Each structure stands twice: as C-alpha cells, then as structure tokens.
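> Got a sequence here, can you build the structure:
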Amino acid sequence: MDGAFAASMVGIGESFFAVFAVFLKASATQLGVLNSLPQALGSLSQLFSNLFIKLFRTRKRLVCAMALIQGLMYIPVALVFFFGTFRVYHLIFFICLYWFFGMILGPAWNSWMGDLVDEKERGAYFGKRSMVIGFASFVSFMLGGYILQVFTHGTITQYAGFVTIFILAFIFRGISFTFLTKKYEPEYQVVQEEEFTLFEFIRQAKSRNYGLFVLYLCLMNFSVYLSAPFFTPYMLEDLKFDYMTYTIVNAAAMIAKLLSVRVWGRASDQFGTKKILSLTGFLMPVIPILWLFSHDVLYLVIIQIYSGFIWAGFEISAFNFIFDTTSPPKRATCVAYYNVLNGLSIFSGAMLGSFIVGHNSLFRSKYLLVFLLSCVLRYIASSVFIPKLREVRTVEEIGYPRLFLKIISTMPTMGMIYQLIPFIKSQKTKKSGIRKKS
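Predicted coordinates for the structure are as follows:
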C-alpha cells in the first residue's frame, strides 16, 4: 500500500515536473539541470544516511519523516508560477529539496526491506510489488495527463491543471506516509567495524563484484541521461504533441512494465540477476536511436512498449543485484555510495547533453544527436562491464535466446494472443487473395 500510493505521487506529480518546466518556458539547459541536478544533490545527501539513522535511532523514523517532508515540497513547487522571471530557477530549487528528502531515505529503506524479504523470494516479491506500483503509477499518470488536457484553454487554466495534479500528488504521499508508519521494523544496529569511507569504496571498486556493478550503472546512467531530459521537449515542442498524446506515448512504456515486471522477477530468482541484467543490458541501448526514424504516434507507442518491457527486466535485476552482492551491515552504506556516484553521473550526462543540444544542427531536430550518442555509449557500458560481473547465487543455467523466448511466452498478454489466433485465421479464410500470416 505504501508503494502503491508513493507510485501514485510519482505518476501524477513527479512525472510532470519536466512538462511543468516546459509550460514555464524553460530552456534546454534549464531542462537538463532540472532533470539531473536534483538527483545529484539528493544522492550527495546519502553520504549522511548513517548519521541520520543514528539521529533518528531507527530506519523507520527516518524513512517516515523524510517521506512526509518530501510530499510537502509539492506546495512550493505549485506556487513558483508567481515567482516572476526566475520562476524556473525556483522550480529547480524546490525540486532539489524534493529529491533531497526523497533520496536520503533510500539507503535506510533498502536496508529495511532487505531485512524483511527473504533472499530466495526477492525477485518474486519485488516483481509483485513492482506490478502493484506500476499499475498505480500508470493510472495516476493517465489521470494527470487527462487533467492537464482538460485544463488547456489559456495560461491560467493550464496552471490550474498543474496545481490540481500537484495537490493530488501531495495527498497520495500523505497516504503513503500513513502506511509506512504501520510497517514492522526488525532491530537494527550500525556495526562500527563495517563502516568504510567513499574513497575506500571507490579504490576497491575494480576488485569487487558490487564495485564493478556500481561502475557499470554509473556509466550506463551517464549515457541514459545524455538524452533522457530531452524526450519531453522533443515531444511537446518539436512533434507538437498535446498533453494527452504525450501521456499516451509514455503510458505505453508503463503498461509494458506492468505486464512484464513480475515475469522478469520470477526469472531473476530462477536464472539469476546477472543473467537478466546481461540480456536486458544489450537489448536496452538501442531504444533512443529508434526515435530517429519516425515521429508517427503509433510507431513511438510501439517503441515505448519495447522500452517498458526491457527496462522492467533491467531495473528489477539491477535492484536485486544490490541485495545479492551486499551484506546487511554494509547495505545502507553501499547503497548510499552508489547513489552518490550515480547522481554525479546523471548530472554529468545531462549537462553534456544540454551542451550538445545547444550547439548542434546535424539533424532536423536539435535533440536527435544526443539520442544517437546515448545509444552508442550504452552499448559501450554493457560491453565493458557486464562480462566482468558474476552471479553470487546458485541458479539454473539457460542460454540467452531460450531465456528471452521463455520470458516472452510467459507474458500475460501471450495467452490473449494465442486465443486470438484461431479467430484471426477464420477471418482470413473468408477473404480470398489474402496471404495468411503465421
């Protein structure tokens, strides 16, 4: 329930931060900063996670307090419209606070959940949980897009639409907070001898499984955020999508994630997180380059379905790999250090992307070059680091083609397709001269 309402907050609120910035006439550089600096600063806050756990005495108190304050940030975010010339900068500032409070609870939450969920069932459990939060995120995201589409007549009316969705996001976070307070927390103590500095972590990264994994994700997210901040302005400004079309295109990825994440989770338990990470790590990089070929809405929806399907496997395997490769006493610190380095990587990638967007005219759109470069760098990241990672659990062996076919065949939608095949064949036999399709 906590996850469902937290995801609803993200779906109807956080997902529209960039759209709100476009509404406020943010530049490409401002959009790059908006999509990266808050996460970078939020990541740096995690250096103090163990200190905050000590101050709050329990992980639960820290998580609950920070979640509540994070929700409160929607109030000043909604009010920046009245801040005049510098309102985009004020928006960035309050979103930085939003991410600060949202991310400082991350290591404590991961440590807390790591103690609650049995290691043999993590893939299945988090797969189920991801389905729940995916559904909640999808419904709330569609609701947010619908509200914005209704409030499209005039600047003040559009602003009223944004105020409405941000108020709902605040309410959803409040409900999430209520359920967080009801969760059980096992006893937890910070073990002094398990503590280590960020510099020690970086120095040993190349010789440790988890360290190599962190380096891989940092390079991957640098590559992803080279292009990630610019899909929203590309759709709203270059392709001239209205809010509902924008929402539908992005919702396609959410639906694909929702339908596939549980399947990926079970496969992760059975065949190992490294196997899933490897498969998706080489299927995911092609996504941004596919945006170069067409701006047809149906084509983009198909791309987003593929994107959501592959990202579901990548994200759940990466998430579970953290639990597999860290011990409970070190987990909160390891997650904090990963988030710090990852935040800096995201910021660096977005800033480089902003520079490229502002200084190129190679394609019909100024955004397409960063889409191409993002694809290339993602493949480099997977090629360099994935062969160096190792599975730490005893799992079943399976080849990649067979694994992919197994995932596809167990998707919930496949049963519907199989049921439709006889109907499709019967329809085709009625039409002469039409070639049958397998």
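> Distance from the helix or strand where residue 245 lies to the middle of the chain?
Element membership for residue 245, per DSSP states H and E: helix 243-271. Here helix 243-271 is found 11 Å from its chain centre; the criterion is Cα atoms, centre = their mean, to the nearest Å.
> Return the distance of residue 146 relative to residue 243.
8 Å (Cβ to Cβ, to the nearest Å). The C-beta positions use only the backbone N, C-alpha and C, and glycine is treated the same way.
> Repeat that for residue 132.
From residue 132 to residue 243 the distance is 26 Å (Cβ to Cβ).
> Between those two, which has more neighbouring residues?
Using other Cβ atoms under 10 Å, the more surrounded residue of residue 132 and residue 243 is residue 243, with 22 against 16.
> Let me see the mean pLDDT of stretch 9-20.
Throughout stretch 9-20, pLDDT has a mean value of 93.
> Could you look up the SS state of residue 365?
With DSSP: H, G, I helix; E, B strand; the rest coil as the basis, residue 365 sits in coil.
> if you skip the residues just before and after it, what's nearest to it?
Nearest residue to residue 365, sequence neighbours excluded (Cβ to Cβ, 6 or more residues apart in numbering): residue 238, at 4.8 Å.
> How about the contacts made by the one you found?
295, 365, 367 (Cβ atoms under 8 Å, 6 or more residues apart in numbering).
> Could you do residue 237 as well?
Residues counted as contacts of residue 237 (Cβ under 8 Å, 6+ apart) are residue 22.
> so how far is residue 314 from it?
Using Cβ to Cβ, residue 237 is found at 29 Å from residue 314.
> now do residue 18
In terms of Cβ to Cβ, residue 18 sits 22 Å off from residue 314.
> what does residue 94 give?
Residue 94 is 30 Å from residue 314, by Cβ to Cβ.
> what does residue 340 give?
Relative to residue 314, residue 340 is positioned 21 Å away (Cβ to Cβ).
> all strands for the stretch 201-350 of the chain, in order.
With DSSP state E, counting those that start in this stretch as the criterion, the stretch 201-350 of the chain has no strands.
> Quick check: which ranges of it have low pLDDT?
Scanning the stretch 201-350 of the chain for pLDDT under 70 picks out 332.
> How many residues are close by residue 147?
Per other Cβ under 10 Å, the neighbour tally for residue 147 reads 20.
> That one: what's it in contact with?
Counting by Cβ under 8 Å, 6+ apart, residue 147 makes contact with 161, 164-165.
> same deal with residue 389?
209, 212-213, 216, 274, 277-278, 321.
> Skipping adjacent residues, who's closest to it in space?
residue 274 (5.4 Å).
> Now do that neighbour against residue 122, distance only.
With Cβ to Cβ as the criterion, residue 274 and residue 122 are 14 Å apart.
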